[in-house]
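Enquirer: I'll drop the sequence and a predicted model, then ask my questions.
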Amino acid sequence: MPKYIGMTDHAQLRLHQRSSLSVDEINELIHYKIYITLGSKPGIQKVHLLIYSVKDSAWFVIVKDIINGDIITFLTEEYHNNLFEKIEQSAKDEIYTLTLAWQSSITTPVKRPAVNINIALGYVDASGYRKVKKIYAIPYSELTTRKENFFESSEYHDLKKRVLNGVQSGNIGNISVGKGIEPLFLKISFSKSDFVIVEL
């Protein structure tokens with residue numbers, strides 16, 4: 001069991017606003033050193049750690065207090081680039097590869113057929129927070145909908161149209177996402193560990 005890493009209330013709030021990761025998942029990334037150190041400024045007792053979230057398909061920066069080890073805030077890549085300095089692509093590539101390798105090593109390679117094809121929308125809300133919300137569950141049957149031809153189907157193309165049209169009204173089907181959002185991607189999950197990210 002990983003040793004618990006302290007996280008301030010502010011950091012927990014920012015984590016929940018900006019990512020789908022849980023406090024426990026952040027704790028595991030820190031414990032197993034699944035991050036890249038971006039450094040810290042002289043005289044400021046804080047270190048910036050770059051992580052990659054498979055759930056969000058995005059990079060984030062954890063700001064950690066060097067003295068007591070607490071996580072004091074949680075930044076999006078864009079926020080870090082604007083407020084501090086641009087994150088190098090080489091660092092992003094390195095942590096992406098490290099994270100996927102680590103996840104593969106702890107995931108049991110057992111594939112079970114999914115009951116539904118689950119569709120989630122990744123977007124930036126009107127307040128500028130990045131979110132992922134499940135919007136559809138399509139019944140999955142190997143006899144009628146095979147993974148390899150799903151993306152060629154009229155059902156998939158109709159789905160994209162419904163999503164883009166729904167974004168304008170703030171409602172996709174019976175799911176409210178709010179007006180003024182910026183759609184980013186669809187996460188199409190055939191199972192918990194088998195999914196495809198489609199940019200919008």
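Expert: Structure received.
Enquirer: any idea how the protein splits into domains?
Expert: 9-106, 116-199 (automatic domain parsing).
Enquirer: mind telling me which of the ones you listed the model trusts least?
Expert: Sorting those by mean pLDDT places domain 116-199 lowest, at a mean of 82.
Enquirer: and the most centrally placed residue in the chain, what element?
Expert: Residue closest to the average C-alpha location in the chain (CA atoms, centre = their mean): Asp56, at 1.0 Å. Following DSSP states H and E, there is no helix or strand that holds Asp56.
Enquirer: over to it: give its phi and psi.
Expert: Here is the backbone geometry of Asp56 (degrees, to the nearest 10): phi -100, psi -10.
Enquirer: distance of it from Val124?
Expert: 12 Å (CB to CB, to the nearest Å). Any C-beta I mention is one placed from the backbone N, CA and C, and that applies to glycine too.
Enquirer: overlap in contacts of those two?
Expert: Shared contacts of Asp56 and Val124 (CB atoms under 8 Å, 6 or more residues apart in numbering): Arg130.
Enquirer: hey, where'd the strands end up in this structure?
Expert: Using DSSP state E, the strands found in the chain span residues 36-39, 46-53, 58-65, 71-76, 116-124, 130-139, 171-172, 175-176, 182-189, 195-199.
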